[in-house]
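J.: Return atomic coordinates for the entry below.
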Amino acid sequence: MTSRERVMASVAHKEPDYLPMDLGSNVSTGISGMAYGNLKKYLGMTEGHTRIYDVVQQVALPEDQVLDLIGADVLDIARTYNTKDEDWYDVTLSNGNTAQWPSWFKPEKLPDGSYNVYDIEKTLIARMPNKGMCFDQMYFPYKEDYPDSYEDLDRQMGKVLWSAMAHSPWDHQRDFATEDEFYSDMRRRCLELRNSTDKALMITCGCNLFEWGTFLRRMENFLMDTYADPENVIALNEQLMERHLHMLEKVCDAVGDVVDILRFGDDLGMDTGMFMSLEKYRTLFKPFHTKLNAYVHEHSGMKTFLHSCGSIYPVIPELIEAGYDILNPVQTSARDMDPARLKKEYGRDITFWGGGCNTRRILNLGSPQEVYDYSSRMIDIFYKDGGFIFNTEHNILPDVPPENIMAMYKAVENARK
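T.: Numbers count the residues shown, from 1 in each chain. Here you go, the predicted structure:
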């Protein structure tokens with residue numbers, strides 16, 4: 001099988017020729033710039049660059065030589081953007097490693113070593129403290145209350161760091177005079193990538209609903225809104241859906257026959273349980289999630305991928321009914337997320353993309369042998385009968401030793417024999 005065939009067979013719940021694996025197909029299955037730089041040093045790789053393509057989380061875009069070494073099977077279409085040296089500039093990360101930020105990203109460095117990000121209107125929208133590892137949101141447009149009118153919603157969404165500091169391809173929308181030109185260019189790039197690789201391709205579209213509520217209202221306010229003000233939650237979701245469906249129309253038309261997987265995001269869980277009751281999910285969010293999946297499935301050949309962290313065991317049947325094909329990151333360290341039970345109960349209905357190694361206690365704190373043994377156990381649980389793409393439980397963070405990363409990939413390599 002080719003990498004693409006291997007991935008898509010597993011998503012179709014057929015056991016492929018060997019275990020498919022992902023590093024960096026999107027900004028939740030990747031590796032921090034600090035950890036990536038350390039990994040390259042450990043491997044003796046002196047060529048190339050550590051390029052931070054997701055500046056919010058400070059996540060690096062893995063290079064071809066690294067992906068080929070570990071045998072990764074999926075690519076983010078973001079790699080077709082910012083391909084020239086002049087698209088980047090050197091920075092020093094808080095661990096002392098040299099990396100590169102995209103040329104459009106110019107935060108203000110303060111005397112204490114922290115960074116501030118301002119939008120074009122001089123609003124402080126994001127900050128990274130000295131020795132920090134990611135940027136924090138500083139501006140919440142509707143923190144005080146919902147607006148009387150949503151005429152200004154696009155502008156306010158553009159002041160949220162996840163939009164203002166978006167990764168490729170979305171950081172290039174501003175480069176084109178019209179929307180159609182942007183999507184025409186996207187199609188050209190994706191076709192070139194597909195014709196140059198046998199790996200599966202993924203595009204990130206977000207289309208968050210619950211998360212956008214927290215970005216606009218702040219977490220504590222929006223959580224209370226789901227119970228105290230559900231009418232405004234629904235009204236906001238309807239406004240968001242107009243924008244999401246418009247984008248999906250453009251994406252499906254441009255690359256729906258070229259890209260294999262479309263990534264959505266909406267974190268629904270904490271370590272100890274869901275952010276809301278099942279009843280609240282069913283009434284406030286599931287109808288909209290169902291529409292998003294239906295649109296993609298009806299207007300493209302792409303499979304849908306949901307990134308949703310935390311303890312989400314109770315809602316998995318609802319997510320399957322809503323039409324999601326793939327679930328990530330499979331945070332088995334959270335409450336009720338036992339991997340064997342997940343595979344037994346839902347392994348035939350949804351693909352688990354992740355869960356391959358615990359990033360909180362094992363990958364960063366364990367010995368290489370402990371990492372190898374843990375990853376091997378997860379492969380034994382998840383891999384049978386397909387429906388599994390090996391990946392960590394979210395991104396590989398800065399404190400992970402490179403020898404542990406390679407021990408994890410050794411488990412993948414041995415499972416492929």
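J.: Show me the contact partners of the host helix or strand of residue 221.
T.: If you go by DSSP states H and E, residue 221 is part of helix 219-228. Helix 219-228 has contacts (CB atoms under 8 Å, 6 or more residues apart in numbering) with 143, 210, 213-214, 216-217, 232-233, 275-276, 280, 284. The C-beta positions use only the backbone N, C-alpha and C, and glycine is treated the same way.
J.: Buried ones in it, by neighbour count?
T.: Within helix 219-228, the residues that count as buried by 16 or more other CB atoms under 10 Å are 221-223, 225-226.
J.: And stretch 316-329, by the same measure?
T.: 316, 318-319, 322-329.
J.: Could you find the closest non-adjacent residue to residue 130?
T.: Nearest residue to residue 130, sequence neighbours excluded (CB to CB, 6 or more residues apart in numbering): residue 113, at 3.4 Å.
J.: Please identify which of the buried residues of stretch 316-329 is nearest to residue 20.
T.: residue 326 (11.8 Å; CB to CB).
J.: for the residue lying closest to residue 345 once chain neighbours are set aside, helix, strand, or coil?
T.: Nearest non-adjacent residue to residue 345, counting by CB to CB, 6+ apart: residue 316, 8.0 Å away. The three-state label given to residue 316 by DSSP: H, G, I helix; E, B strand; the rest coil is helix.
J.: ok, now how distant is residue 316 from residue 377?
T.: 21 Å (CB to CB, to the nearest Å).
J.: what does residue 333 give?
T.: Residue 333 sits 14 Å away from residue 377, going by CB to CB.
J.: OK, contacts around residue 312?
T.: Contacts of residue 312 by CB under 8 Å, 6+ apart are 268-269, 274, 319, 334, 337.
J.: In helices, which of these fall?
T.: residue 319 (DSSP state H).
J.: Report the two members of the contacts of residue 312 separated by the largest distance.
T.: So, the contacts of residue 312 by CB to CB: farthest apart are 319 and 334, at 15.2 Å.
J.: so where's the longest strand in this structure?
T.: Ranked by residue count under DSSP state E, the longest strand found in the chain is strand 200-206.
J.: For that one, buried residues please.
T.: Using 16+ other CB under 10 Å as the test for burial, strand 200-206 gives 200-206.
J.: Quick one: name whatever helix or strand follows that strand.
T.: Following strand 200-206 in sequence, per DSSP H and E, is helix 210-217.
J.: That following helix - contacts with which helices or strands?
T.: Judged by 3 or more CB pairs under 8 Å, 6 or more residues apart in numbering; DSSP states H and E, helix 210-217 is in contact with helix 153-157, helix 219-228, helix 230-255.
J.: Highest mean neighbour count out of these?
T.: Stretch with highest mean neighbour count among the helices and strands packed on helix 210-217: helix 230-255 (a mean of 17; mean count of other CB atoms under 10 Å).
J.: Let me know the angle separating it from helix 210-217.
T.: 120 degrees (axes from the mean of the first three to the mean of the last three CA atoms, to 10 degrees).
J.: How many residues are close by residue 182?
T.: 18 (other CB atoms under 10 Å).
J.: before we move on, back to that, against which helices or strands is the longest strand of the chain packed?
T.: Short answer (3+ CB pairs under 8 Å, 6+ apart): strand 200-206 packs on helix 3-11, strand 74-76, helix 179-196, helix 230-255, strand 261-265.
J.: please redo it, this time with the cut-off set to 6 Å
T.: Applying 3 or more CB pairs under 6 Å, 6 or more residues apart in numbering; DSSP states H and E, we find strand 200-206 packed against strand 74-76, strand 261-265.
J.: Residues in contact with it: which ones?
T.: Applying CB atoms under 6 Å, 6 or more residues apart in numbering, the external contacts of strand 200-206 come out as 4, 7, 25-26, 74-77, 251, 259-263, 265.
J.: one step back: as a markdown table, the buried residues of strand 200-206 with pLDDT and distance to residue 30 would be great.
T.: As requested, these are exported to a markdown table (pLDDT from 0 to 100; distance: CB to CB, whole Å):
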| residue | pLDDT | distance to residue 30 |
| --- | --- | --- |
| 200 | 98 | 16 |
| 201 | 98 | 15 |
| 202 | 98 | 11 |
| 203 | 98 | 15 |
| 204 | 98 | 11 |
| 205 | 98 | 17 |
| 206 | 96 | 16 |
